[in-house]
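>>> What follows is a predicted structure for the sequence shown.
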Amino acid sequence: MTMKQYILTSVLATALLAIPAVVTAAPTSADPARALQDAFSRVYDDVGPAVVSIYTVQEQTMRTVYHRDPGIDRFMRQFFGLPNEGATLRSTGLGSGMIINKKGDILTNTHVVDGAKEIMVTLTDGRSYKCQLIGADRRNDVAVIRIVDMKKDDPALPTVRLGDSDKVRPGQWTIAIGNPFGIAERNNPQPTLTVGVVSAVRSLQTEGGNRDLNDMIQTDASINPGNSGGPLCDIDGAVIGINMFIVSAGIGQSAGIGFATPINRVKTILDDLRAGREVTYGYLGVMPQELDADMRQYFGLQRTGGALVSSVLPNAPAAKAGIRVGDIITQYNSVPVRN
């Protein structure tokens, strides 16, 4: 090697050493999975402490029957002075709820606490409190119970954050937290978390129309007896619904079809429930009917949605407003009528 070649080689080596090394790490498929896993854990850590297990006691006094013939039974009571009442039966129930403020107000389902003689709640830190029923709405199956024996020096109560159920759409993550089958032990009352997606937002029919099941959030997150009244959350930990019931073909446990009452509907009645006021509803006084393909063709309708007015109650608000049998309602307050 000549002197000139040696100098050129030394210069090139020095220049190469001066270039900063750029190392690009190959992406790993596990990173998104870990991020999602961490998101689920954060929801559990944030929401879980505000989810309570509810234990109730119901009492029912059985009427003693002395003879299967009502006339003879009545005669025996009067002639022999036999009592009408028999033994008092006590039964227990369980469910879940969520603390919504520092005062100790708890949201749950009406069917969890309806008719309860005693209501006890257990927090995840082991604290137990007596509660009383403050307000209940059977139409939406929503109730508020309140802690009554909390002491001033007790630690502050954790609370949930209520979200916006109007933004819910199918495919979004859902996280249910509660106490299915009462498996959370009272001395270690950690709630159960299950994960799924929003399967649909649908309205359901009920016999007699005594429950409001419009725009219910359907999820495949595992919901079982005991989850009733617990929160259904989004991926950010905001409560989007109250777990209400499941469809399980009679087996009484999760078949991947659960329903939650949208939290925005609960917000509209929450002040009345917390104040112990009766929740009242208006009515239109019409009987609507679905529009099938034949009806659409008959009426010359091109668009989907809408409802046919099949009957109108006399002197009802709808009749006074001019709605008549045969009308087709396509919008209500600028909101399209889907069904």
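The structure has been received and is ready for your questions. Residues are numbered from 1 along each chain as shown.
>>> Now residue 327: closest residue in space that isn't a chain neighbour?
Once flanking residues are discounted, residue 327 sits nearest to residue 309: 4.5 Å by C-beta to C-beta, 6 or more residues apart in numbering. The way it works is simple: take the backbone N, C-alpha and C, and place the C-beta from them, glycine included.
>>> how would you label that neighbour: helix, strand or coil?
Under the three-state scheme (DSSP: H, G, I helix; E, B strand; the rest coil), residue 309 adopts strand.
>>> cool, the one 10 residues further on as well?
The assignment at residue 319 comes out as helix when based on three-state DSSP.
>>> Number of residues surrounding it?
15 (other C-beta atoms under 10 Å).
>>> How about the one 3 residues further on?
Taking other C-beta under 10 Å as the neighbour definition, residue 322 ends up with a count of 8.
>>> Which positions are bridged to the nearest residue to residue 117 once chain neighbours are set aside in the beta structure?
Take residue 117 and drop its neighbours on the chain: the residue closest to it by C-beta to C-beta, 6+ apart is residue 59, 4.7 Å away. Residue 59 has the following beta-bridge partners by DSSP bridges: residue 90.
>>> Let me see the confidence value for residue 59.
Listed pLDDT for residue 59 reads 81.
>>> that older thread, just checking, the residue nearest to residue 327 touches residue 322?
No - when contacts are counted by C-beta atoms under 8 Å, residue 309 is not listed as touching residue 322 (11.3 Å).
>>> Bridged to the residue positioned nearest the centre of the chain, which residues?
Centroid check for the chain by C-alpha atoms, centre = their mean gives residue 242 as the closest residue, at 1.6 Å. Beta-bridge partners of residue 242, counted by DSSP bridges, are residue 231, residue 261.
>>> quick one, what contacts it?
When contacts are counted by C-beta atoms under 8 Å, 6 or more residues apart in numbering, residue 242 touches 98, 107-109, 142, 229-232, 260-261, 263, 266.
>>> can those go into TSV with extra columns for distance to residue 44 and pLDDT?
Converted to TSV, those look like this (distance: C-beta to C-beta, whole Å; pLDDT from 0 to 100):
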residue	distance to residue 44	pLDDT
98	14	98
107	19	98
108	20	98
109	22	97
142	24	97
229	18	97
230	13	97
231	12	98
232	14	98
260	18	97
261	22	97
263	19	98
266	22	97
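>>> Dump those residues to a markdown table, plus neighbour count and distance to residue 203.
Output for the contacts of residue 242, formatted as a markdown table (neighbours: other C-beta atoms under 10 Å; distance: C-beta to C-beta, whole Å):
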| residue | neighbour count | distance to residue 203 |
| --- | --- | --- |
| 98 | 24 | 24 |
| 107 | 26 | 22 |
| 108 | 28 | 23 |
| 109 | 25 | 19 |
| 142 | 25 | 17 |
| 229 | 31 | 22 |
| 230 | 34 | 22 |
| 231 | 32 | 22 |
| 232 | 32 | 17 |
| 260 | 28 | 14 |
| 261 | 26 | 12 |
| 263 | 26 | 17 |
| 266 | 21 | 17 |
